[in-house]
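Undergrad: Structure here, sequence nowhere to be found:
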Ligand code: AP5
């Protein structure tokens, strides 16, 4: 843990103010579901900041594990490179652990999880043990035909998860993160061929999860093909 005496007073004060503001916000437990490139990762940081939630992206967590070659990463790599899903046990384990972190105290956004009905059932069990449940599931509905351009034009800043698009959300300087000035990279699975497998996995394994939550009456559909700011307005309306 960082020694608080080493933290600048101004940083300490702004963190205290943030926490004070957060204490007045309602708790929220959210799921963002949708195909690759539908905008889950773009909208999550906005909602996370607004409601003081943690953003748990299984894709980001798995990519970090792959990059640092942990046993989990070594197991996940092959499936991720080909656009297949990794096993339910692996992702359920990382989500269960991540939810215990203090930053998830006011609730969470699950981005990319659950992706199978088995994962959704495990999540229900996990939350029941904690005496909670899911408040809302936002379904980022979009036609497949729009997604190739979004995915092949995406550039990301790996350490923060910030994502850009050459046409729809270009960085100020091409190839460079706006905030840190560090280089942007393209994800290994962000190409047309792997996208086809990712979409197939979405339609066969993840679409049933949308029905699962529709039956529980917690599902709201978002028109994810609209421009980013319009999608943000729809998301905010759905959560208000
Ligand atoms: P993951 O990282 O979760 O990828 P994904 O679900 O395929 O989602 P993406 O990150 O590609 O899309 P997004 O909706 O976040 O799009 P974004 O906002 O960036 O998973 C990767 C892999 O990990 C999986 O294939 C699997 O192997 C494994 N995995 C992960 N979770 C798992 C699980 N639970 N179980 C098993 N395996 C798991 O937007 C895309 C681009 O479009 C960006 O460039 C953005 O700038 C742009 N954009 C966004 N919104 C708009 C807009 N409204 N208009 C125009 N452009 C836009």
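TA: Everything's here; your move. Please read all numbers here as calculations on a predicted model, not as lab measurements. Residues are numbered from 1 along each chain as shown.

Undergrad: Right, and the ligand sits closest to which residue of the protein?
TA: Nearest residue of the chain to the ligand: residue 59, at 1.8 Å (CB to the nearest ligand atom). Just so you know, the C-beta spots here come from the backbone N, C-alpha and C atoms, and that holds for glycine as well.

Undergrad: burial of residue 8, as a residue count?
TA: By the criterion of other CB atoms under 10 Å, residue 8 has 8 neighbours.

Undergrad: Show me the residue sitting in the middle of the protein in space.
TA: Nearest to the geometric centre of the chain sits residue 111, at 3.0 Å (CA atoms, centre = their mean).

Undergrad: For the protein, which residues are neighbours of the ligand?
TA: Residues of the chain lying near the ligand by CB under 6 Å from any ligand atom: 34, 36-42, 57-59, 62, 79-80, 83-86, 91, 112-113, 115, 119, 150, 154, 163-165, 168-169, 189, 198, 227-228, 231.

Undergrad: among those, which are in strands?
TA: Members of the residues of the chain next to the ligand lying in strands (criterion: DSSP state E): 57, 154, 163-165.

Undergrad: And the pLDDT for residue 2?
TA: Looking at residue 2, its pLDDT is 67.

Undergrad: Need the residues that contact the longest helix seen in the chain.
TA: The single longest helix within the chain, with elements called by DSSP state H, is helix 9-23. Helix 9-23 has contacts (CB atoms under 8 Å, 6 or more residues apart in numbering) with 4, 52, 106.

Undergrad: cool, and stretch 143-155?
TA: With CB under 8 Å, 6+ apart, stretch 143-155 has contacts from 35-38, 163-168, 171, 175, 184-187, 190-192, 195, 199, 225.

Undergrad: So how do I select the buried members of the residues you listed in ChimeraX?
TA: Selection command for ChimeraX covering only the buried members of these, criterion 16 or more other CB atoms under 10 Å:
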select :35,36,37,38,163,164,165,171,184,187,190,195,199,225
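
Undergrad: low pLDDT regions in the chain?
TA: 1-2 (pLDDT under 70).

Undergrad: rerun at 50
TA: Of all residues in the chain, none has pLDDT under 50.

Undergrad: Helices along the chain, start to end?
TA: Counting by DSSP H, the chain has helices at residues 9-23, 40-51, 58-67, 71-82, 88-98, 117-129, 147-152, 192-201, 207-215, 228-239.
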